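1. Dropping the sequence and predicted coords here.
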Amino acid sequence: VQDPVGPKPPDPLPAVDQFGPPAPPVEAEREVPAGKDPSPAPLPVVEPSSNTNPALSLAPATTALPAFSPSYRALADVEASLLAWAVARPAHARAWRLADGEAASAPVLEFGAAGGLDFDARPCVLLIGGLDGQALEGGEAVLAVTHSLLEQPERLPANVCFLSLPWAAPEALSGALAGKVFDGRNARALDEDADGAFDEDGPDDLDGDGQILDLLIEDSRGLWARSKDLRFLVRAEPGDQPRYTLVKEGRDDDGDGRFNEDGPGGVVLDMNFPVGRRAGTGDARLGPYPLSEPLTRALAELATQRRVALALFFQGQHGQAAAPGGTDWKQAPGLVSELDRAVYARTGELFSVLTRRRQPSFLSLREARGEARPGAAIDWFYASLGVLALEVAPWGPRAELREEGPARDARFARPDGAGAPGERGGPSAAPRWHDGARPPAEADREWALWLDNVHGGLGFSAWRPIELGGARATRAWIGGWEPRTRANPPPESMARCLTGLDEFALSLSSALPRLDLRVSELTRRGEVVSLRAALRNAGHLPTGLEGPPLEGRSSAGRGAVMTLELPSGARLLAGAERVPLGRLAGQELSTEAAWVVFAPQGSVLQLRAEAPWAAPHTQELRP
Amino acid sequence: VSALLLWAGALALGASGSQELPGGAAGRSLTAVPDRRVPLDFRHYYTQPQLAQALSDLAAAYPEQLRVESIGKSRAGTDLWLATLGQAGGVPLEQRPALLLCAGTSVQGRAAAELALYCVYSLLGERERDPSVARLLRESTLYVGPCMDPDQRSAELEASEIGQAAPPRAVELDLNFPAGWEDGLGSAAAGGFPLCEPESRAVVEFLMSRPNLAALLHLRSGSIGPAAPSAASAAALGDQAPALELARRSRGRGTLGCDLWSHAELPRASGSLLEQAWGEFGIFAFELVAAARGPLGASGVERTAIAHWPALEELEALGRSATQRLIELGLALPRLELRQGSVQRLKDDQWQVDVELANVGQFPSASARARALASVRALRLELSGAELIAAAHKPPGAGGFAVERAGGSQLALPEIGPNAVRELRLIVSAPSGSAMALSLSAPRAGKSALTLALE
């Protein structure tokens, strides 16, 4: 990680020292009523402006900030935008690179309200785009949010630092933009089929139509069967015939009887984190070991060095805000503890209100993606660091349907009326139909609704037979979703799918905890000083999360703490120098702590409050 | 004293310019003196510069057998030195079955740097008078990392000079490897995330960069063996059974020495190097424990002031024992042999060629775990000088041949078990009089070639 106050980096982004030192603190005094009810309440929404741009709903800039319009863009354009914004907001922003000097580095814009604490000391909000290597729209979401926040810097919460990484997986996103990488892998060459050759059997454009779709191969041992809607597949069940193997379009380049099993790349950066990995799965996307990639390692080191409170990963194609839990967790209720689930539920409600999307009160990553997601970044950020980490998918079938949604296709309405989000072709989630065929899985049905009702039925290439050649008499078909339909939004949908995300990020970051020390007694009798104080969390989010339920593991270290620092000549007669207060909910007032101190006349005591997600607060006491 | 006399003899040999030792490779001579071109003293602990200098001197003296390189830097920027031993010539070192002897990733392991150095020193010196050492260096590659935690070792040495104990590492390396972290979450001593320490990361990067690594020995001093060795049966251990047998056979000799413990019989140690080697790479993993047998001090020597460190008087004896275990394990590594069976003309230019594929080592050509993890490429037979039409192999205990999938000029084959032979039938096409070349290779079991005349 490049030291943000270090020497000028050899890249086109501006060196941080050109911005000069931050201005002194300007935090306003707050008057907080004592004993306010700390019960959880909906997170407050920062009032949106009347800007008509659906993607950028904040008010027009007071200072000229280069315009931004969501679109598909290359890494160079992303870098240029960040650079231009840093130059336009020198008091608020500085640009640098993550994993600078490595083969792949990611541009970063660090910004926040002017004045106050150094960026390094502030609670930090990570805005990360496309770490999955697929979500180009995730990169656009980060750019849109960043631009929106910088357009009205006076709305930035005090003493909060934002770190924007729009293209967190630059190699894979560049490949996705060029239509050459489909599964988010970086450029690390791997021998996935252990045949001694690297990347020798990847996708090919078999029919020469200029795009690589899916290839359906008839295979008695295949995992898939056709659904009632012949466009979509369902997981094969006993008795299903014919069966199919589904791969990307391509030939068996290395003649081992398998298709595209050793394509270009690589590791999916979003699957390269430590939590949820299982040895022996043979899934090369996870990487040879956790945090094996320079960018993931640099991101982890950055996260451990900063006071990260909130991490929003803009990626995925489910259109929702997903909480940690990419894989099965050994203990109920899952990776996220009961106490933390309430925080995530409130976060989900906020997302639903601000984006006008339907959102279950709690949605795990596995549920949102419809399949296991081992090694996911949000799982590690939550479980290891106690960060409020979310996967926010700008794009998804609901992104343009909104909360009212279109009418359901009568052919596929389920007799039991159930309709929880399920796996793609999830195993027998849907009942069999009277003619033996099954309806598509819930996720496919939603995408079908979007395709048929919003996108005019365009964007899905019907399955058509293809001759695979060679000695194999296998029947095969090419077809499936076309580029920029399901995996990424159509260009004309890009702006719409970013609506409300800036307000979501701003509201969450404005709700971060703020520490307010409340001294109820400070008296002196001769050299003896009596002190009583409590700590209020003046924010709306708690001071930290509990973390996953683990036997023998305590989350006590993640709570708020009051520390009394004494000058020389003073000594503590009663009370503890360091008082752990546990987790404080939004608006909660802690229990009171008391001290008796022997302090000569004129002594200045310092009472310091700290919490994982809050800027530290120190109060001088002159008894 | 005897060691000093040996070094003096070696210096005299060096002065006379004679490099040949009586007996040579034909057999061990009881009167032969070892080749001691570099006099090393094992009556002191080595500081990091001394260790680096010793390795450098050995590499300069034995350029045909030893190469020394740095595989990374410690957190304080000290080089992590690694010695590669193998006789130059023949199959390239990176294609021979290999073994890594590694010290310093644990508290007790930091005390074993001298023993690892002794192994290098001893193998080089004994190679011409001990045929088993010569064979080991000719057929295998030995990697030796004598000190993978130079910063903490230096701190411990410096503290001991003033009679104090060094503060423990904030992150213990042998907890910092990814294998076995409970759900990816370690403890405070294990570090913020797996491989957050540059030393453990360098070791893992090294393991990944050497596909020929079949076995790993973690060398340490301390108590002998686990408190409660696993009682698992060989059958239950699956493909770890050969490792377990080898370890059991090696133990219990003498009063001062090194015992070999297989990963399979040790308690599971999350985040350890052993767990990493076996769990994530399918490399056969062992603990080589150097200690005096019996109560401390029973050998009659004064114990060192540094906890877990062997006494200076014990270093040579322990070093000799460690070397012996290393040789035994090295000779047990899997080794492929391609043996001629028969050549039969079917018609015109079509031939049936039967060959035997043998593994003469005591380990399988790759562990089943390694194959399951896809951490090693499959056993492969390559053919040139004839066109491969079909191939079949005879499964163990079966009467007939089962058809193999043949693609082009090479075959991916199932792994071969320890001391096992597999019959392979090739149907090929080539003009009469052709010379057909076959090459059998597996990353962890080496390579064997055979040329057959089709006539």
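-> Okay, I see it.
2. contacting residues around B:Gln276?
-> B:177-179, B:204, B:207 (CB atoms under 8 Å, 6 or more residues apart in numbering or on different chains). C-betas here are computed from N, CA, C, even on glycine.
3. That one sits in which helix or strand?
-> helix B:273-281 (DSSP states H and E).
4. got the CA coordinates for whichever helix or strand comes after that helix in CSV?
-> Where DSSP H and E defines the elements, the next helix or strand beyond helix B:273-281 is strand B:284-292. Extracted in CSV, the C-alpha atoms of strand B:284-292 (Å, rounded to 0.1, in the frame of the first residue of the first chain):
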residue,chain,number,x,y,z
PHE,B,284,3.8,-35.6,2.8
ALA,B,285,4.7,-33.8,5.9
PHE,B,286,6.9,-34.7,8.9
GLU,B,287,8.2,-33.3,12.1
LEU,B,288,11.8,-34.1,12.7
VAL,B,289,12.3,-33.6,16.4
ALA,B,290,15.9,-33.3,17.8
ALA,B,291,16.2,-34.0,21.5
ALA,B,292,17.9,-35.9,24.1
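5. how about the helix or strand following strand B:284-292: buried residues?
-> Next along the chain after strand B:284-292, taking DSSP H and E as the criterion, comes helix B:315-331. Using 16 or more other CB atoms under 10 Å in any protein chain shown as the test for burial, helix B:315-331 gives B:315-331.
6. sorry, back to before: next, the angle strand B:284-292 makes with the helix holding B:Gln276.
-> Interaxial angle of helix B:273-281 relative to strand B:284-292 (axes from the mean of the first three to the mean of the last three CA atoms, to 10 degrees): 170 degrees.
7. how distant is helix B:273-281 from the center of its chain?
-> 14 Å (CA atoms, centre = their mean, to the nearest Å).
8. and what of stretch A:288-308?
-> Average the C-alpha atoms of stretch A:288-308, do the same for its chain, and the two points are 15 Å apart (CA atoms, centre = their mean).
9. quick one: is it near chain B?
-> Yes. Judged by CB under 8 Å from any CB of the partner chain, stretch A:288-308 comes into contact with chain B through A:288-291, A:300-301, A:304.
10. Straight-line length of that stretch, end to end?
-> From its first residue to its last, stretch A:288-308 covers 27 Å (CA to CA, to the nearest Å).
11. before we move on, what about stretch A:563-570?
-> End to end - CA to CA - stretch A:563-570 spans 15 Å.
12. Quick check: buried residues in it?
-> A:563-564, A:566, A:570.
13. Same question for stretch B:268-276.
-> For stretch B:268-276, by 16+ other CB under 10 Å, it's B:269-276.
14. Could you give the average pLDDT over the helix holding B:Gln276?
-> Average pLDDT, helix B:273-281: 93.
15. and if you look at stretch A:180-195?
-> The model assigns stretch A:180-195 a mean pLDDT of 84.
16. That stretch near chain B at all?
-> Yes. Shown here: stretch A:180-195 in contact with chain B (CB under 8 Å from any CB) through A:191-195.
17. repeat for stretch A:262-277
-> Yes. Contact of stretch A:262-277 with chain B (CB under 8 Å from any CB) involves A:273-277.
18. Can you show me the CA trace of that stretch as PDB?
-> Only the C-alpha atoms of stretch A:262-277 are listed here, as PDB (Å, rounded to 0.1, in the frame of the first residue of the first chain):
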ATOM      1  CA  ASP A 262      -8.600 -24.200 -18.300                       C
ATOM      2  CA  GLY A 263      -9.400 -20.700 -19.700                       C
ATOM      3  CA  PRO A 264      -7.500 -17.500 -19.300                       C
ATOM      4  CA  GLY A 265      -6.800 -16.400 -15.700                       C
ATOM      5  CA  GLY A 266      -7.000 -16.400 -12.800                       C
ATOM      6  CA  VAL A 267      -8.300 -15.700  -9.400                       C
ATOM      7  CA  VAL A 268     -11.500 -13.900  -8.600                       C
ATOM      8  CA  LEU A 269     -10.400 -11.200  -6.200                       C
ATOM      9  CA  ASP A 270     -13.700 -11.200  -4.400                       C
ATOM     10  CA  MET A 271     -13.300 -14.900  -3.600                       C
ATOM     11  CA  ASN A 272      -9.700 -14.600  -2.400                       C
ATOM     12  CA  PHE A 273     -10.400 -13.700   1.200                       C
ATOM     13  CA  PRO A 274     -10.000 -16.100   4.100                       C
ATOM     14  CA  VAL A 275     -13.500 -16.900   5.300                       C
ATOM     15  CA  GLY A 276     -15.500 -19.800   3.900                       C
ATOM     16  CA  ARG A 277     -12.700 -21.400   2.000                       C
END
